[in-house]
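> Can you look at this prediction? I've put the sequence above it.
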Amino acid sequence: MRKRVIAGNWKMNKVLSEANDFIEEVAEKAPQSEKSEAVVCAPFPFLPSLLEKTKGTDIKIGAQNMHHEDKGAFTGEVSPVMLKDLGVSHVVLGHSERREHFAETDESVNKKVHAAFNHQLTPIVCVGETLEQREADETKDHVEKQVTKAVEGLSDDQVASTIIAYEPIWAIGTGKTASSEEANEVCTHIRNVVGKITSQETADQVVIQYGGSVKPANIDELLSQSDIDGALVGGASVEADSYLQLVEAGTK
Ligand SMILES: O=C[C@H](O)COP(=O)(O)O
């Protein structure tokens, strides 16, 4: 059975004192469950403190991006070696905001996915279509292309350990959620794509999250779907109270 993964993506929000207050409350109150894992993906400057404050808990700390090289002359970048050394477990890769504002491509995402596995980091790979692509009925082809390139060259075991986040761009931060059926249809397609590339056994192991205006009021419905194994949450993950409700939903 696949374990659910409820991941918060704070994006570029909070200052250190706010990050610390959040994690202290979450570390104290988050329910522990065999069924579900809670991850907080935070800005780089907060990672050491969040890792320190979650020691001895089941809460995992993730980054929101990284470079694919181990080290070198890449001013302003952060490497997988640095993240691993800190104790980070997850890294969000290819988020649509990085693709849009920082020119990330399917090729660069693939390099980063390999780098993550080279350093035992779990990649959360984001895919998803624009509104124009959805209206032109290109969603499935587009997502298939993104997934296929992201996992190119991975072993089946690595593919099985990759978390894929389906995030329709038109639903991110807009308050518009894909209906749970619409979201599930694409998540099922993603699982079939993975099955085609690898095997059904591998596809059955891949955790597929939905992301895009997920909140405590709609997460139960989304998680009730056959191929939605968790959520990647932006806005509703920033406040501890709301994040805790999302984590709680994952345990049901
Ligand atoms: O990574 C998270 C997604 O971009 C979703 O953001 P949102 O929950 O604010 O719509």
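Nice, thanks for sending it over.
> Lys140 contacts His189, doesn't it?
Yes. Lys140 lies in contact with His189 (CB atoms under 8 Å); the separation is 5.1 Å. The C-beta positions use only the backbone N, C-alpha and C, and glycine is treated the same way.
> More neighbours: these two, which one.
His189 (19 against 16; other CB atoms under 10 Å).
> Would you mind measuring from whichever residue of the stretch 151-252 of the chain sits closest to the ligand to His142?
The stretch 151-252 of the chain approaches the ligand most closely through Gly234 (2.5 Å), counting by CB to the nearest ligand atom. Gly234 sits 21 Å away from His142, going by CB to CB, to the nearest Å.
> ok so, going back, contact partners for the residue of the stretch 151-252 of the chain closest to the ligand?
Going by CB atoms under 8 Å, 6 or more residues apart in numbering, Gly234 touches 8-11, 172-173, 211.
> one more time with 7 Å
9, 11, 172-173 (CB atoms under 7 Å, 6 or more residues apart in numbering).
> do the same with Ser96
Ser96 touches 126, 128, 167, 169, 172, counting by CB under 7 Å, 6+ apart.
> just for the chain, where's the confidence low?
Within the chain, no stretch has pLDDT under 70.
> Wait, a helix at Cys126?
No. Counting by DSSP: H, G, I helix; E, B strand; the rest coil, Cys126 falls outside a helix, being strand.
> Show me the beta-bridge partners of it.
Note on Cys126: beta-bridge partners by DSSP bridges are Ala165.
> Was I right to think it contacts Gly94?
Yes. If you go by CB atoms under 7 Å, Cys126 and Gly94 touch, sitting 5.0 Å apart.
> can you map out the helices along the stretch 51-200 of the chain?
Secondary structure of the stretch 51-200 of the chain (DSSP state H, counting those that start in this stretch): helices at 80-86, 96-101, 106-118, 131-135, 139-150, 156-161, 180-197, 200-205.
> Just the angle for the fifth one relative to helix 180-197, thanks.
It refers to helix 139-150. Going by axes from the mean of the first three to the mean of the last three CA atoms, to 10 degrees, helix 139-150 is angled at 40 degrees with respect to helix 180-197.
> so what's the backbone phi/psi at the residue of the stretch 1-150 of the chain at minimum distance from the ligand?
In the stretch 1-150 of the chain, no residue comes nearer to the ligand than Asn9, which is 3.6 Å away by CB to the nearest ligand atom. Backbone torsions for Asn9, taken as degrees, to the nearest 10, come to phi -120, psi 100.
> now it, nearest residue through space, not along the chain?
In space, and not counting its chain neighbours, Asn9 is closest to Cys41: 4.7 Å by CB to CB, 6 or more residues apart in numbering.
> contacting residues around the one you found?
7-10, 62-64, 90, 92.
> Run through the residues of the stretch 1-150 of the chain sitting next to the ligand.
By CB under 6 Å from any ligand atom, the residues of the stretch 1-150 of the chain that approach the ligand are 9, 95.
> repeat that for 5 Å
Residues of the stretch 1-150 of the chain lying close to the ligand (CB under 5 Å from any ligand atom) are Asn9.
> List the residues that contact Thr57.
Ala27.
> mind starting the numbering at 48 from now?
OK, 48 is where the count begins now, so the last one is Thr104.
> That concludes my questions; thank you for your assistance.
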